[in-house]
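>>> predicted model and sequence below, questions to follow.
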Amino acid sequence: MLDRTADVASLRDWLIAADRDRHLHGIAGSVPLAELAHGTSLGGRLPELAGRSVLVATGDQLTAALALIELDGVARRLILCPPDLAAEHRPVVIADAEVDAIVTSGQMDAGELGVRLHAVCHPAIAPMGERPAARHATEWVMFTSGTTGMPKMVVHTVAGLTGAIKRNAAHEGPVVWATFYDIRRYGGLQIFFRAVIDGGSLVLSDAREAVADHLARLGRHGATHVSGTPSHWRRVTMSPSARAMAPRYVRLSGEIADQAILDNLAALYPDARIGHAYASTEAGVGFEVTDGLAGFPAGMIGRLPSGVDMKVEQGTLRIRSNRTALRYVGGGKGTKPALADADGFVDTGDIVELRDGRWHFMGRSNGVINVGGLKVHPEEVEAVINRHPQVRMSLVRARRSPITGALVVADVVLREDGAAGAGEVEAEILRLCREGLTRHKVPSAIRFVPALAVATSGKLARTHA
Amino acid sequence: MTTKLTILAEMRKVAEEQAKTLAPLSDDLVLLDSGLDSLCFAVLVARLEDKLGRDPFTASDDVAFPVTLGDFVSVYERAA
């Protein structure tokens, strides 16, 4: 349900009465949110961007945040370009999302992309008189992270993206939000919206910053509400600077939160409320668990007070709510699967298992391995291993890790007639993998096996979870 | 080989494989300053499980994540 007051037509309107002490804190500087209500970060280019499909492809999170606030309601569509979108995918994104304007922070030459309108976003806010009216229910297009090759894009609305955020929630004292995520990812964007709508400031992360420096910065800005994946939080617990901040609220999402990390965080921050949230780019925010235990209570299946419906079918969690994405973008007609089934439920692809009155997350139904929040398709790794002339077949699977949730390992069947010894072949396979794959996809161990099971379908038998 | 020497040898091996520069290994070395990142530690803990037959971080929910190399070694020594 859209829970906006009548005079709020866009994200920027939430800032009109913002206190002077509310800021967006980037690694290189801070911007007072109140300034943005009356000024612009786009160098006077805002009117030209009205009604357009705008690719927000800045080099840093601070300028992305500023551009998103200014363009909501003004642009027809905002495409949130994640920092790791490969350059070769940009032309497809531009075509599929009908991009006719690009906002950068000046870090790249947008001219070669064939989009004529290019605006540069600056963290220095300039005064601005007349603004284009906010007349669009802007579509927010986000990238899913779980695919090989070209990532999928899904369409959200601000109403759906902010459906889990309480308006005018009572807080004890000032709130300073922070997230280890990039705000152009679903998990980070949730915290960005909380800062804009629920009030308070926001400390943005930066991929180039060391953990200790980041924690010190969170301490300096007085971060109170901090969010990240279990892998992010494990790094925090390993840092001598973990107590440089004293959060009142610790939030985990994006990966399975096991009991160890929940207990470790409770010991580290005894005064903090600790919650693990379930959300995905496609299904939106499902729910949050705050009882300190891994998994979620069996009683949550059904209708939640928030209006979210959940069910388990064929072993995976299905979610229906007004927070789910509306549809996929691009890829030609009929080639993308429907996002939701006929009843409006989105299959999250997360396998759950009922044990002792709680549902526990067991892995992904499509076999995707989650290494510290980064997705790995086994088939992609197998294709590289199978290039080795002495490999007959291979099976890539997950090995549980207390540090990154999972690691990639490979079972390999060699040809009988091979001349090289297993040790030599192993080194050669790993070299192929390191040359052809990003680090988290390279198997951490290779096991030579005499055979691999093949299912009746003729495909490799994969045991997920 | 002692538990400690096994750990140090595996750390050097992982660093080399992952093309990371390892800091001088001393008991008070902060793990996050060692030159190894999360992925390196994940690989290290898996290798040590294969070598030593134990993964103290998975075996018990009570084990706090160590801060220094000395803490890390003693978690394995206690689990022996």
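The structure has been received and is ready for your questions.

>>> hang on, A:Val176 packs against A:Arg217?
No - judged on CB atoms under 8 Å, A:Val176 makes no contact with A:Arg217 at a distance of 11.2 Å. Glycine gets a C-beta too; all of them are placed from N, C-alpha and C.

>>> please enumerate the shared neighbours of those two.
Listed as contacting both A:Val176 and A:Arg217 by CB atoms under 8 Å, 6 or more residues apart in numbering or on different chains are A:Val203.

>>> separation between the residue nearest the centre of chain A and chain B?
Taking CA atoms, centre = their mean, the centroid of chain A lies closest to A:Arg185, which sits 3.3 Å from it. A:Arg185 is 17 Å from chain B, where distance means CB to the nearest CB, to the nearest Å.

>>> related to what we said a few turns ago, what about A:Val176 and A:Arg217, which has more around it?
Taking neighbours as other CB atoms under 10 Å in any protein chain shown, A:Val176 and A:Arg217 compare with A:Val176 leading, 23 against 20.

>>> OK, contacts around that one?
A:Val176 touches A:200-203, A:221-225, counting by CB under 8 Å, 6+ apart.

>>> what does A:Ala420 give?
By CB under 8 Å, 6+ apart, the contact list for A:Ala420 reads A:390, A:428.

>>> using PDB, list the CA coordinates for the worst-scoring helix or strand of chain B on mean pLDDT.
Using mean pLDDT, DSSP states H and E, the weakest-scoring helix or strand in chain B turns out to be helix B:56-59, at a mean of 86. In PDB, the C-alpha atoms belonging to helix B:56-59 read as follows (Å, rounded to 0.1, in the frame of the first residue of the first chain):
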ATOM      1  CA  PRO B  56      36.400 -25.500  15.000                       C
ATOM      2  CA  PHE B  57      34.300 -22.700  13.500                       C
ATOM      3  CA  THR B  58      31.700 -25.100  12.200                       C
ATOM      4  CA  ALA B  59      31.900 -27.700  14.900                       C
END
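
>>> what helices or strands is the next helix or strand after that helix leaning on?
Going down the chain from helix B:56-59, the next helix or strand is helix B:69-79, by DSSP states H and E. In this structure, helix B:69-79 packs against helix B:3-17, helix B:56-59, with contacts taken as 3 or more CB pairs under 8 Å, 6 or more residues apart in numbering or on different chains; DSSP states H and E.

>>> in CSV, list these along with mean neighbour count.
Converted to CSV, the helices and strands packed on helix B:69-79 look like this (neighbours: other CB atoms under 10 Å in any protein chain shown):
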stretch, mean neighbour count
helix B:3-17, 17
helix B:56-59, 18
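
>>> worst average pLDDT in the ones you listed?
Of all those, helix B:56-59 carries the lowest average pLDDT, namely a mean of 86.

>>> quick one: contacts of that helix?
With CB under 8 Å, 6+ apart, helix B:56-59 has contacts from A:260, A:400, A:402-403, B:45, B:49, B:63, B:65, B:75-76, B:78-79.

>>> swap in 10 Å and give it another go.
Applying CB atoms under 10 Å, 6 or more residues apart in numbering or on different chains, the contact partners of helix B:56-59 are A:234, A:258, A:260, A:400-403, B:41, B:45, B:48-49, B:62-66, B:72, B:74-80.

>>> try stretch B:18-27
Here stretch B:18-27 has contacts from A:434, A:439, A:442, B:4, B:7-8, B:11-12, B:14-16, B:29-31, B:33-37, B:39-40, B:43-44, B:68-74, using CB under 10 Å, 6+ apart.

>>> which residues touch the residue in the stretch 51-200 of chain A that chain B sits nearest to?
Nearest residue of the stretch 51-200 of chain A to chain B, counting by CB to the nearest CB: A:Phe180, 11.9 Å away. Taking CB under 10 Å, 6+ apart, we find A:Phe180 in contact with A:187-188, A:191, A:205, A:211, A:214, A:218, A:226-229, A:231-233, A:235-236, A:254, A:373.

>>> do that again at 6 Å, thanks
By CB atoms under 6 Å, 6 or more residues apart in numbering or on different chains, the contact set of A:Phe180 is A:205, A:228, A:232.

>>> for the last one, the count of nearby residues, please.
By other CB under 10 Å, 23 other residues sit near A:His232.

>>> A:Gly219 contacts A:Ala242, correct?
No - between A:Gly219 and A:Ala242 there is no contact under CB atoms under 6 Å: 10.1 Å.

>>> the more surrounded of those two?
A:Ala242 (20 against 15).

>>> the nearest residue to the more buried one once chain neighbours are set aside sits in which helix or strand?
Of all residues not flanking A:Ala242 in the chain, A:Val236 sits nearest, at 5.2 Å (CB to CB, 6 or more residues apart in numbering or on different chains). For A:Val236, the host element (DSSP H and E) is helix A:230-237.

>>> just A:Leu218 next, same as before
helix A:211-220.

>>> could you give the mean pLDDT of that helix?
pLDDT averaged over helix A:211-220 gives 96.

>>> just the CA trace of it, in PDB.
Output in PDB follows, covering the C-alpha atoms of helix A:211-220 (Å, rounded to 0.1, in the frame of the first residue of the first chain):
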ATOM      1  CA  VAL A 211      37.700  -2.700   7.000                       C
ATOM      2  CA  ALA A 212      39.400  -0.900  10.000                       C
ATOM      3  CA  ASP A 213      39.200   2.500   8.200                       C
ATOM      4  CA  HIS A 214      35.500   1.900   7.400                       C
ATOM      5  CA  LEU A 215      34.700   0.900  11.000                       C
ATOM      6  CA  ALA A 216      36.600   4.000  12.300                       C
ATOM      7  CA  ARG A 217      34.500   6.100   9.900                       C
ATOM      8  CA  LEU A 218      31.300   4.500  11.100                       C
ATOM      9  CA  GLY A 219      32.400   5.300  14.700                       C
ATOM     10  CA  ARG A 220      33.200   8.900  13.800                       C
END
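
>>> so which elements touch whichever helix or strand comes after that helix?
For helix A:211-220, the following helix or strand on the C-terminal side (DSSP H and E) is strand A:225-228. Here strand A:225-228 touches strand A:176-179, strand A:249-252, going by 3 or more CB pairs under 6 Å, 6 or more residues apart in numbering or on different chains; DSSP states H and E.
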